[in-house]
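# Kindly return the folded structure for what I paste below:
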Amino acid sequence: MLRLEARPQPSAGWSYASPLLALAITVVIGVLLFVLLGKDPVRGLQIFFWEPIKSPYALSELMVKATPLLIIALGLAVCFRSNVWNIGAEGQYLIGAIFASGVALSAGPSTSGWIVVPVLLAGVLGGMLWGGITALLRDRFNANEILVSLMLVYVAIQVLNYLVYGPWKDPQGFNFPQTKTFESAAQIPRLMEGSRVNIGLLLALVGVGLVWVFLFRTYSGFAQQVGGLAPAAARYAGFSSRKALWVALLTSGGAAGLAGALEVAGPIGQLTPHVPVGYGFAAIIVAFVGRLHPVGIVFSAILMSMFYIGGELAQSRLGLPRSITGVFQGLLLFALLACDTLIAYRIVWKRS
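A predicted model of the protein is given here:
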């Protein structure tokens, strides 16, 4: 019978090359999927991998999609390296968007453009608050952070729906469940005319540097990673597991909240029920495809945003359902998990 046997020494080279192999496997399965659906596979691959980069405008839209994915995934990388499994970044993203919207709605025609700073800070605070609930329940009652953070996503969705269908609903919005459009002063400044790319991209790139320095150049970052790799060694060295838990969840929650604030005060310009598009869940894949390294996460965020844009184009140009985006995301994740499993284990045949 077939069994998995641990390799004496996993390949260091393949550990970095496996995301590329996983992408290749995803492409091959994607081609087969297009054929089974009766679509031109060449046209399908063109829509997913060429259309999002073929022009300056397409590249700018790619950056718009990649920015929230990058910011959320950076926070999750800190969490996962600390062996804290925050699966509820989507909820933290939503609460950050709600907090930011509350500040943005207070702006009037004469409000200074500096209100953007409180808008972003409110988003960070909201995300940290939602992540802090998970940290508190794990710290005080030893509740499983996977279940708690995931369940809080659905609570956040209900809070969002209550606000946009209730007290924050635009009275002049023709009964649509949305807030009024934010004043121009409360919207995130754009980097160039004719493009939706805003200063969120710069904040994301700064975040890459900050996370890299924190993880690989500071004592606190070293303590976080030791706690994730070897909890017993961390306790022996005197590192606080409670501190690591709070730092991880507050960091990832704040990053997700910042992404939510940038989204509602940037490309969307108002709070609507359509804010939850799955960025918090997709960022989990982004973090792992990027090997939980800030630089690798940059490239995986770009790849995942290509899947988002390609999925949207495939709906209009190929007549495929909206779920095609999730299909490609899932294929990439499972291909990566399979590759990682075969890096650490080999398949052997043994007689029963």
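
# switch to C-alpha atoms for all contacts and neighbour counts from now on
Will do.

# my read: Glu90 touches Ala256, true?
Yes. Look at Glu90 against Ala256 with Cα atoms under 8 Å: they come within range, at 7.4 Å.

# Please enumerate the shared neighbours of the two.
Residues touching both Glu90 and Ala256 (Cα atoms under 8 Å, 6 or more residues apart in numbering) are Gly280.

# more neighbours, the two?
Each of Glu90 and Ala256 has its neighbours counted (other Cα atoms under 10 Å); Ala256 has more, 41 against 31.

# Which pLDDT value goes with that one?
Note for Ala256: predicted pLDDT of 98.

# repeat for Gln9
For Gln9, the model assigns a pLDDT of 86.

# Could you report the neighbour count for it?
Neighbourhood size, Gln9 [other Cα under 10 Å]: 9.

# Just list the residues touching it, thanks.
Ala344 are the contacts of Gln9 under Cα under 8 Å, 6+ apart.

# Quickly find the element holding it.
Of the helices and strands defined by DSSP states H and E, none includes Gln9.

# Pro52 reaches Leu62, doesn't it?
Yes. Using Cα under 8 Å as the test, Pro52 is close enough to Leu62 to be in contact (6.3 Å).

# what touches both of these two?
306, 309.

# and Thr67, how far is that from Met1?
According to Cα to Cα, to the nearest Å, Thr67 stands 47 Å off from Met1.

# quick one: which of those two has more around it?
Legend: neighbour count by other Cα under 10 Å for Thr67 and Met1, higher for Thr67 (27 against 7).

# Which parts of the helix or strand hosting that one count as buried, going by neighbours?
Using DSSP H and E, Thr67 maps to helix 56-81. Of all the residues in helix 56-81, those buried under the rule 16 or more other Cα atoms under 10 Å are 58-81.

# quick one: contacts for the residue lying closest to Ser240 once chain neighbours are set aside?
Once flanking residues are discounted, Ser240 sits nearest to Ala234: 7.7 Å by Cα to Cα, 6 or more residues apart in numbering. Shown in contact with Ala234 (Cα under 8 Å, 6+ apart): 223, 226-227, 240-241.

# let's see it at 10 Å
223-228, 240-241 (Cα atoms under 10 Å, 6 or more residues apart in numbering).

# Can you check what pLDDT the model gives the residue most central in space within the chain?
The chain has Ala283 as the residue nearest its centroid, 2.5 Å off, counting by Cα atoms, centre = their mean. Looking at Ala283, its pLDDT reads 97.

# Which strands and helices lie in contact with the host helix or strand of it?
Using DSSP H and E, Ala283 sits in helix 279-289. Helices and strands touching helix 279-289, by 3 or more Cα pairs under 10 Å, 6 or more residues apart in numbering; DSSP states H and E, are helix 12-36, helix 56-81, helix 89-104, helix 241-263, helix 294-317, helix 324-344.

# just for the stretch 51-200 of the chain, where's the confidence low?
By pLDDT under 70, the stretch 51-200 of the chain contains no weakly predicted segment.

# Please name the nearest non-neighbouring residue to Ser323.
Using Cα to Cα, 6+ apart and skipping the chain neighbours, the partner closest in space to Ser323 is Gly311 (7.8 Å).

# For that neighbour, which residues are in contact?
By Cα under 10 Å, 6+ apart, the contact set of Gly311 is 44, 47-48, 305, 318, 320-328.

# could you dump these to JSON lines with distance to Glu5?
As requested, the contacts of Gly311 are exported to JSON lines (distance: Cα to Cα, whole Å):
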{"residue": "Gly44", "distance to Glu5": "38"}
{"residue": "Ile47", "distance to Glu5": "40"}
{"residue": "Phe48", "distance to Glu5": "37"}
{"residue": "Ser305", "distance to Glu5": "36"}
{"residue": "Leu318", "distance to Glu5": "44"}
{"residue": "Leu320", "distance to Glu5": "41"}
{"residue": "Pro321", "distance to Glu5": "40"}
{"residue": "Arg322", "distance to Glu5": "40"}
{"residue": "Ser323", "distance to Glu5": "36"}
{"residue": "Ile324", "distance to Glu5": "35"}
{"residue": "Thr325", "distance to Glu5": "34"}
{"residue": "Gly326", "distance to Glu5": "32"}
{"residue": "Val327", "distance to Glu5": "30"}
{"residue": "Phe328", "distance to Glu5": "30"}
